[in-house]
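J.: Sharing a model prediction with you, sequence too.
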Amino acid sequence: MKMKKNYFFLGLMMLLMAFVAMDASGQRYVDVDPGIGTLNEAINSDTTGTGDRVDENTIYRLQRGNEAYYGLTGSVSNSGYPLTIIAADGDGAMPFLQPRDEGDGSSRAFRPKGDILLVGLHVTNLDQLGGLNDRILRCSAEDIRVEIVDCWFDQASQSFIRVDDPGMTIVVRNSVVSNIGQPKDPNNGRGIDDRGNDIDSVIIENSTFFNVTSRLIRDDGGVIDYARVNNNTIVNVAQMGITFGPIGTLEMNGNLMMNAGFLPMDNDNDWIVLSADAVDGVAPVVSMSNNSAYMDTTKVTDYLNDTTTITPFMNETLMAAMEASDAPNWNMNVEFPDGAPFNDSMLIYKFDEDLDVANTPGWVVPEIPAGGNDLYHLDVYYDFAYVNSKAAVAGMGGAQLGDPRWMAEAGMFEIVDFEEYYDRAFWNQFANAGDAYENMELVSNPDMTGINASEGVMMFDVLDDADPWAGAWSDAYGKMEFTQEMHHMEMMVYKDVISNCALKVEVGGTVTEVKVPNTLTGEWEVITFDFSANIGETLSRLVIFPDFPDSREGGSMSYLDNIKIVAAPVGVEKQDAEILSVYPNPSTGVLNVQAKGITGIIIMDVLGKSIKSIQYQELDHATLSVDELSEGIYFITVETVSGSKTSKFLKK
C-alpha cells in the first residue's frame with residue numbers, strides 16, 4: 001500500500017504541471033508546461049498506482065514561443081514503451097530542451113530504450129553552465145525505432161545518435177543537426193555512430209547537417225540493411241562525409257554537399273568522403289543520382305605536402321556502382337551567402353607547428369539576436385538558401401538540390417557554353433525519333449581554327465524520321481531578362497545543311513519562337529535572334545531547334561555553342577538611346593518596325609535590289625505588309641530623323 005500511495009502522490013504532483021486531454025479519436029495528450037524538470041516529471045510520473053503506464057500511446061505536447069524553455073534534470077528515457085514528444089501546433093519558436101547542471105553535472109538529453117518519436121523540438125546537449133555532453137541520443141535497446149521530424153539538434157561533443165544495440169531503425173526528416181564534435185577533437189564528431197551494431201534502416205531526408213568534425217555516419221563494423229539519404233544539405237564535415245560500411249541497399253539522391261572531407265589526411269589515415277562496402281562478398285544495390293559534392297580545394301592547398309593529401313572522394317565499391325548506372329551527379333560550387341562559415345581554424349591549429357590542436361577555437365556561433373529571450377537562439381542562425389541556376393533544378397525531377405526547406409533560386413541568364421562535363425544532363429530532348437540520349441551529347445569542337453575556339457560543344461544528331469521541330473529545352477541557365485537594350489540572342493552553329501535554326505523562350509512571359517537560317521555549312525557561324533516581342537519580360541526556359549525545316553526530308557548533324565543575350569547586332573544600331581526593332585522575325589505577312597522618328601522604309605533583296613519603299617511622317621512605330629514577298633532573306637533600311645539603320649528579316 002505504501003508504494004501505491006507514493007505513486008498516487010507523484011500523480012497528484014503531475015497535475016500541477018501538466019494537463020491531460022483526449023482528442024475526438026481518443027488519443028491521449030499530456031500538455032507539459034515549460035520549466036526545469038517538468039518534462040522529466042511528466043513522463044516519469046505518468047503511471048498508475050501499480051507503476052504501469054497510464055497509456056503507452058500518450059503524446060507529450062510542449063508549448064511553443066520565446067519562453068518555452070524545458071530544463072532537463074536527467075536524460076529523458078523510456079523502457080519497454082513508445083515515447084512521443086511533440087511541439088504544439090502553431091508558428092511560435094520551437095520548445096527548447098536543455099540539460100541542467102544543478103550541482104552534480106548534467107546528462108545527455110535522451111536515453112531511449114524503446115521507440116521514440118520527436119517532433120518540432122529544439123534540443124541542445126550544452127548545459128546552462130557551458131558543460132558539453134557527449135551524445136544527444138544514446139539508444140540502448142534492440143530493434144527500436146528512433147524518428148526525428150522537424151527538429152533542430154545542436155551541439156554534442158561526440159555524436160548526434162549513438163547505437164548501443166542491433167536492429168535499430170533511424171529516421172531523420174525535415175530537421176537540422178549542427179555543431180557535432182569539437183574542432184579541437186575532430187575524431188569524435190559523428191552524426192550516427194553504429195558502434196559495430198547492425199542497423200535495420202537509416203532514412204535521412206530533407207534535412208541539413210552543418211559543422212560536423214568527423215562524419216555523418218560512422219561505421220564500426222555493423223551492417224546497415226537499407227539506407228535512404230535524399231535531398232539533404234551537408235556543409236563543413238571535416239574528416240569525411242558518410243561512411244556507410246557494409247550495406248545491403250543504398251539510395252542517395254538529390255543531396256548537396258559542400259566541403260565534406262575538407263580536413264586533409266595524413267598518409268597513415270584511411271579516410272574517404274563517401275564509402276559503402278559489400279556484405280559477405282555481395283556488393284550493395286546502389287542508386288545514386290542527382291547529387292552534387294564540391295570541395296573548395298583552394299582553402300586547403302597551403303597545407304598539402306608529401307605526407308598530407310586531400311581525402312579521396314569515393315571508394316571502389318561506390319565508384320563501380322556509379323559508373324554502371326550512368327546517373328547524373330555533379331560537383332557544383334554552390335555558395336550560401338548567409339550559411340555557416342568555413343572553419344579555417346581547424347586547418348591552422350592542426351598543421352601549424354606553433355599551435356596546439358587542443359586549443360582550436362570552437363564552431364562560429366553568432367551572437368543571440370535582440371528581440372528574443374536573450375538566452376538562446378530561437379531559430380537556426382544560418383540560412384542555406386542559394387542562387388544557382390543549375391543547382392536550383394538539378395535535383396530529382398527538376399527539383400532543387402539539397403534540403404528543399406531552404407529557398408533555391410535561379411540567377412540571371414548565363415552563357416550556354418557547354419564547357420562543364422555535366423551540361424548535357426540539363427537538356428531534355430524531344431521529337432527526335434525516340435530521343436535517344438546519344439543523339440545529343442557534349443563533344444569536342446569539330447573546328448577550333450575559325451571563330452569558335454571553345455573546346456566543348458553540343459552535338460545534335462537529328463534523325464531522318466525526326467519531327468521538323470526536333471530540339472531540346474532547359475530551365476538551368478537562369479532568368480532571361482529582355483530589355484530595350486538587350487533583347488537579341490546569339491547562337492553559334494556548325495551544320496551540314498542550310499535550314500532554319502530556332503530559339504524559343506518560355507515560362508514567365510510571352511512564348512516566342514524565332515527562326516533564322518544558317519548561311520554556311522561545314523564551318524562555324526553566328527546566328528542572331530530578335531526577341532523584341534519579349535522586351536520588359538523575364539523568362540526562364542530556353543528551347544533550341546538546330547534544324548527546323550517546314551517538313552523533314554532527312555536528318556542532319558549540328559553542333560551548337562555559346563548561346564547568349566547580346567546588345568543589338570550590327571545593322572540594328574543604338575542611337576539616342578533608341579534601338580531599331582523589326583518583328584516578328586521570321587514574318588509570314590506583317591512586319592512591325594519600331595524606331596524613333598521613322599521617315600521612310602526601304603526593303604531590298606539579298607542582291608541589293610529595292611523591292612518596296614514607303615515614306616512616313618516621323619513615326620515611332622510602323623506596320624507594313626510583306627505578304628507579297630517571296631520566301632527568303634531581305635534587308636530593311638529604316639530612315640529616321642537621326643539617320644538610317646539596316647537590319648534583315650526572313651519572309652516565310
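T.: Structure received. Given the structure is predicted, the values throughout are model-derived calculations rather than measurements.

J.: Helix or strand for the closest residue to Lys495 other than its chain neighbours, just tell me which one.
T.: Leaving aside its sequence neighbours, Lys495 sits nearest to Ser558 (CB to CB, 6 or more residues apart in numbering; 4.8 Å). In short, each C-beta sits where N, CA and C put it, glycine included. Per DSSP states H and E, Ser558 falls inside strand 556-566.

J.: that older thread, so what pairs up with the residue nearest to Lys495 in the strands?
T.: Beta-bridge partners recorded for Ser558 (DSSP bridges): Phe460, Lys495.

J.: send the alpha carbons of stretch 273-291 over as PDB?
T.: Provided in PDB are the C-alpha atoms of stretch 273-291 (Å, rounded to 0.1, in the frame of the first residue of the first chain):
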ATOM      1  CA  VAL A 273      34.400  11.000 -48.100                       C
ATOM      2  CA  LEU A 274      31.800   8.500 -49.300                       C
ATOM      3  CA  SER A 275      32.100   4.800 -49.000                       C
ATOM      4  CA  ALA A 276      29.900   1.700 -49.000                       C
ATOM      5  CA  ASP A 277      31.100  -1.900 -48.700                       C
ATOM      6  CA  ALA A 278      29.900  -5.400 -49.600                       C
ATOM      7  CA  VAL A 279      28.100  -7.700 -47.200                       C
ATOM      8  CA  ASP A 280      29.600 -11.100 -47.100                       C
ATOM      9  CA  GLY A 281      31.100 -10.600 -50.600                       C
ATOM     10  CA  VAL A 282      27.800  -9.300 -52.100                       C
ATOM     11  CA  ALA A 283      28.100  -5.800 -53.400                       C
ATOM     12  CA  PRO A 284      25.400  -3.400 -52.300                       C
ATOM     13  CA  VAL A 285      22.500  -2.400 -54.500                       C
ATOM     14  CA  VAL A 286      23.200   1.300 -55.100                       C
ATOM     15  CA  SER A 287      21.000   4.100 -56.600                       C
ATOM     16  CA  MET A 288      22.900   7.400 -56.600                       C
ATOM     17  CA  SER A 289      21.600  10.100 -58.800                       C
ATOM     18  CA  ASN A 290      21.400  13.900 -58.900                       C
ATOM     19  CA  ASN A 291      23.800  14.600 -56.100                       C
END
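
J.: which parts of that stretch are buried?
T.: Going by neighbour count (16 or more other CB atoms under 10 Å), the buried part of stretch 273-291 is 273-277, 283-284, 286, 288-291.

J.: Could you pull out the helices in this structure for me?
T.: In the chain, the segments counted as helices under DSSP state H are 2-17, 38-44, 316-325, 344-351.

J.: Mind giving me the packing neighbours of the shortest one?
T.: In this case it means helix 38-44. Here helix 38-44 touches helix 2-17, strand 28-32, strand 59-62, strand 69-72, strand 76-79, going by 3 or more CB pairs under 8 Å, 6 or more residues apart in numbering; DSSP states H and E.

J.: what distance separates that helix from the centre of its chain?
T.: 40 Å (CA atoms, centre = their mean, to the nearest Å).

J.: Name the residue closest to the centre of this structure, please.
T.: Leu401 (2.1 Å; CA atoms, centre = their mean).

J.: and that one, what is it in contact with?
T.: 254-256, 290-292, 332, 334, 391-392, 394-395, 408 (CB atoms under 8 Å, 6 or more residues apart in numbering).

J.: cool, Gly191 as well?
T.: Taking CB under 8 Å, 6+ apart, one finds 159-161, 177, 180, 209, 212, 215-218 in contact with Gly191.
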